[in-house]
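A.B. asks: Build me a model:
(one chain, ligands or ions: 2)
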Amino acid sequence: MNPDGNKRLTAAVGVLLLAPVLVEIATVLFGVHTFMSWHVFVGLALIPLVVLKLATTGWRFVRYYTRSRAYVAEGPPQTVMRLLAPLFVVATVVLFGSGVAMGLLHGHALQIARQLHGPASVIWLLLLGLHVLVYLGRALRDTADDVLPADRPPVRGTTARRYALATAIVCGLVLGSSLVPAQHRWVNIRHDEHDRNEGQSAARNSPFSHAQSQRPQFSTTGNAIPIAAVWTRRIEPPCVTTRTRPVPGWCSAIRRSARSMRS
Ligand code: HEM
Ligand code: HEM
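C.D. replies: Numbers count the residues shown, from 1 in each chain. Ligands and ions are numbered 1, 2, ... in the order given. Reported below is the predicted structural model:
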């Protein structure tokens, strides 16, 4: 792909991302748990466009650093944007990766994904805000040149770019819609975790729970480290016993000491 075509495709994907990203932000502002179905649907539908954006910018990156003459002549992005680009890419991958992962994982891994998603979204939104401030004008101009009858000469590959954009949009809609039946995995995440935690604390407090059933036997106060007592009893060696061992001559020894006590 020539650098001008790459630039136009990058710009057009950016323009197409704007509306769904705003909807995604709106679902958060109006209450992400109330609008979780929308949050998940739009989030999933965004993925192919985001992948296409990372592919076009990644292509430019690779071509520039492998010294392709046309891309080197085009030059790198502005210094600040160039420095922030790796962080933006990482934040994007963590945000979308953790979002998708929350529907697939359980237990500790799910907790990690939940803890990553919120902070990643804050970093991502700050970087996106700057990105849009810097690039919106150029993105709209480049996209208009590709779509409307333009003054500037056309750039080779218009049809291929349209196919790429249409494919990303259709794939996004298919991904979002096909996972609607599985949306409960994301939508119920809070309740599922809550129920699991409730279940665990109920089991701990149940009169039949292991730790609770051991408590009165091993502590005088009822609170003295019952788990330690349980483990002490478990690891006690089987040879420890209170039974008196028969020693040769033990009967006569007892009789002798009884006699001496009486006299
Ligand atoms: C998921 C959201 C987005 C990601 C992950 C993303 C990522 C990137 C990256 C990594 C670059 C290359 C580094 C740079 O030039 O700073 C870039 C360039 C660019 N982006 Fe985005 N971007 C996103 C959204 C947008 C949006 C919403 C717009 C539209 C306003 C946009 C317009 C542009 C433009 C015009 C360029 C420069 C293209 C060039 O000169 O080759 N991007 N983007
Ligand atoms: C533009 C992309 C996205 C943004 C800006 C975003 C932002 C957010 C924010 C701010 C929250 C609230 C976090 C918290 O309460 O700690 C959230 C929650 C959530 N998001 Fe996203 N998100 C995005 C993409 C996704 C995707 C792609 C998915 C899944 C397909 C997803 C699934 C979820 C889920 C399940 C929660 C609830 C997490 C919890 O209860 O701990 N998000 N999102």
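
A.B. asks: Going by C-alpha atoms from here, please, whenever you check contacts or count neighbours.
C.D. replies: Noted.

A.B. asks: quick one: pLDDT of Leu148?
C.D. replies: Leu148 carries a pLDDT score of 80 in this model.

A.B. asks: low-scoring pLDDT stretches of the chain, where are they?
C.D. replies: Along the chain, segments meeting pLDDT under 70 span 149-151, 192-254, 263.

A.B. asks: interface residues of it facing ligand 2?
C.D. replies: Counting by CA under 6 Å from any ligand atom, the chain comes close to ligand 2 at 21, 24-25, 28, 32, 40, 43-44, 96, 99-100, 102, 114, 118, 121, 186, 190.

A.B. asks: Now restrict those residues to buried residues only.
C.D. replies: Buried subset of these (neighbour count, 16 or more other CA atoms under 10 Å): 21, 24-25, 28, 32, 40, 43-44, 96, 99-100, 102, 114, 121, 186.

A.B. asks: residues contacting Val100?
C.D. replies: Counting by CA atoms under 8 Å, 6 or more residues apart in numbering, Val100 touches Leu44.

A.B. asks: in the stretch 51-200 of the chain, what residue is nearest ligand 1?
C.D. replies: Leu136 (3.7 Å; CA to the nearest ligand atom).

A.B. asks: Now do the contacts for the residue nearest to that residue when sequence neighbours are not counted.
C.D. replies: Counting by CA to CA, 6 or more residues apart in numbering, Val15 is the residue found nearest to Leu136 once chain neighbours are left out, at 7.9 Å. Taking CA under 8 Å, 6+ apart as the contact definition, Val15 lies against Leu136, Ala139, Leu140, Thr143.

A.B. asks: Wait, the third one touches Ala11, no?
C.D. replies: Yes: if you go by CA atoms under 8 Å, Leu140 and Ala11 touch, sitting 7.3 Å apart.

A.B. asks: what about these two, which has more around it?
C.D. replies: Ala11 (24 against 16; other CA atoms under 10 Å).

A.B. asks: number of nearby residues for the spatially closest residue to that one that is not a sequence neighbour?
C.D. replies: Nearest residue to Ala11 in three dimensions, chain neighbours excluded: Ala139, at 4.4 Å (CA to CA, 6+ apart). The number of residues packed near Ala139 is 21, by other CA under 10 Å.

A.B. asks: Check the one 5 residues further on too.
C.D. replies: Residues within reach of Ala144, counting by other CA under 10 Å, total 15.

A.B. asks: Now find how far off-centre the helix or strand hosting it is within its chain.
C.D. replies: Here Ala144, judged by DSSP states H and E, is contained in helix 107-147. What separates the centre of helix 107-147 from the centre of its chain is 16 Å, taken as CA atoms, centre = their mean, to the nearest Å.

A.B. asks: do stretch 86-104 as well
C.D. replies: 7 Å.

A.B. asks: Let me know the secondary structure of Pro77.
C.D. replies: coil (DSSP: H, G, I helix; E, B strand; the rest coil).

A.B. asks: In contact with Arg152, which residues are there?
C.D. replies: Here Arg152 is in contact with Asp145 (criterion: CA under 8 Å, 6+ apart).

A.B. asks: which SS class is it?
C.D. replies: coil.

A.B. asks: circling back: the residue nearest to Ala11 and ligand 2, how far apart?
C.D. replies: 19 Å (CA to the nearest ligand atom, to the nearest Å).

A.B. asks: check contacts around that residue.
C.D. replies: Contacts of Ala139 by CA under 8 Å, 6+ apart are Arg8, Ala11, Ala12, Gly14, Val15.
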